[in-house]
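Enquirer: give me the fold of what follows.
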Amino acid sequence: MKLLKTILPLVSLLMLMGCGPGGSSFRIKGTLIGQEGGEIYVYNTEYGSARFDTIRVDEGHFVYGGSISEVTPYILLFPNAMEQVVFAGPGEVVEYSANVTNLSNYTVDGNKENELMTEFRKKTEGHSEEEIVAEAKQFIKSFPESAVSYYLEDVYIRKNKKKPTNLPDMTLKSRDDKNVKLWSGKESQYTLTVYWATWMLSSYEFMNRIRSIRAQHSDKNDLRIVVISLDVERYRWQEETRRDSTNNIEHYCDGKAWESPSITSVGISTVPSYFITNAKHKILHRGTDADQMGKDVDGLL
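Expert: The predicted model follows:
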């Protein structure tokens, strides 16, 4: 019996690492050169609400799988906020490989969709956002039935709309898991809304500047400060923001990262980012630079 208990896990592991899953199952086998351990995240863009899974990296390798009924884009999210798309189909084994010193130059093998996506990435490398949108439109015309086309439509066409002039109301999740509306109807003269994440190193410069701004402009009626995190693991965010519980800086995080309604409703594509609005929710300033954020606040107050 003891021998059987020892063999069965080994058999399961060999089955996992061996031949294809078959049926509706799929598997993504990854190699990260230069990364022995740690974690990355993955989510499926087809879910109605984001579902993030944590992938453990062991000796530079990881395996992720599940069950699907059609070719589906999965997004790998790295600690530096980089996202990469991998297409998986029922019964397929997809192989991913990248060097952590140059994550943008990754490869994915296993089906035609990944080949098409690789061609698109290489063709648009170094291009401006407008040029990439134009290439995406051309790709969609050439391959209207491709899963890559549906992905490009969502990422580059639907989300490339005119920037909002007003910051919309949104439901935020507080430290004690309560739902809070951004706008109450009795707004401060100005509101500084910042998007950040603990796994983005440049975010800490923003947080230091935010605390400096709060110390300089302490009246909440003049300036309300709202900070929204893209963290997946809320406990890390809670620990990092604990010291702000007494300085009138509001922190929120729903654990949904890029798929959070607070992100998608505004069209955020870069973290950290900030918006400064007036009492009528009109966006007066927006940007991604901490120094400029401080200058914008000082210019208003």
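Enquirer: quick one: average confidence on stretch 59-68?
Expert: Averaged over stretch 59-68, pLDDT sits at 94.
Enquirer: would you mark the buried spots in it?
Expert: Across stretch 59-68, burial judged by 16 or more other C-beta atoms under 10 Å covers 62, 64, 66, 68. Every residue, glycine included, has its C-beta placed from N, CA and C.
Enquirer: how far off centre is it?
Expert: In terms of C-alpha atoms, centre = their mean, to the nearest Å, the centre of stretch 59-68 is set 19 Å apart from its chain centre.
Enquirer: for stretch 226-235, same thing?
Expert: The mean C-alpha position of stretch 226-235 is separated from the chain mean by 11 Å, C-alpha atoms, centre = their mean.
Enquirer: now stretch 85-103
Expert: Distance, stretch centre to chain centre, for stretch 85-103: 17 Å (C-alpha atoms, centre = their mean).
Enquirer: what do you get for stretch 267-275?
Expert: Taking C-alpha atoms, centre = their mean, the mean C-alpha location of stretch 267-275 is offset from the chain mean by 11 Å.
Enquirer: before we move on, what about stretch 146-156?
Expert: Chain-centre distance of stretch 146-156: 17 Å, with C-alpha atoms, centre = their mean.
Enquirer: from the opening residue of it to its closing one, how far?
Expert: By C-alpha to C-alpha, to the nearest Å, the extent of stretch 146-156 from end to end equals 15 Å.
Enquirer: circling back to that earlier point, residue 252: which of the buried residues of stretch 59-68 is nearest?
Expert: Using C-beta to C-beta, residue 64 comes nearest to residue 252 of these, at 29.0 Å.
Enquirer: ok, what's across the strand from that closest one?
Expert: Beta-bridge partners for residue 64, by DSSP bridges, are residue 28.
Enquirer: how about residue 53?
Expert: residue 42.
Enquirer: that one: what's it in contact with?
Expert: Going by C-beta atoms under 8 Å, 6 or more residues apart in numbering, residue 53 touches 41, 42, 43, 64.
Enquirer: may I see the residues you listed organised as TSV, with distance to residue 34 added?
Expert: TSV is the format used below for the contacts of residue 53 (distance: C-beta to C-beta, whole Å):
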residue	distance to residue 34
41	19
42	20
43	24
64	19
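Enquirer: wait, which of the buried residues of stretch 59-68 is closest to residue 145?
Expert: Nearest to residue 145 among the buried residues of stretch 59-68, with distances taken as C-beta to C-beta, is residue 68, at 17.5 Å.
Enquirer: I figured the closest one hits residue 89, correct?
Expert: Yes. The pair residue 68 / residue 89 is scored as a contact, 7.4 Å apart, by C-beta atoms under 8 Å.
Enquirer: residues contacting the residue nearest the centre of the chain?
Expert: Most central in the chain under C-alpha atoms, centre = their mean is residue 258, positioned 3.6 Å from the mean C-alpha point. If you count contacts by C-beta under 8 Å, 6+ apart, residue 258 has them with 50, 75, 77, 83, 230, 264.
Enquirer: what mean pLDDT does stretch 41-53 get?
Expert: Stretch 41-53 shows a mean pLDDT of 67.
Enquirer: oh sorry, the question was meant for stretch 184-196
Expert: Stretch 184-196 carries an average pLDDT of 95.
Enquirer: can you give me the helices in the stretch 201-301 of the chain?
Expert: Secondary structure of the stretch 201-301 of the chain (DSSP state H, counting those that start in this stretch): helices at 202-216, 234-241, 261-264, 290-300.
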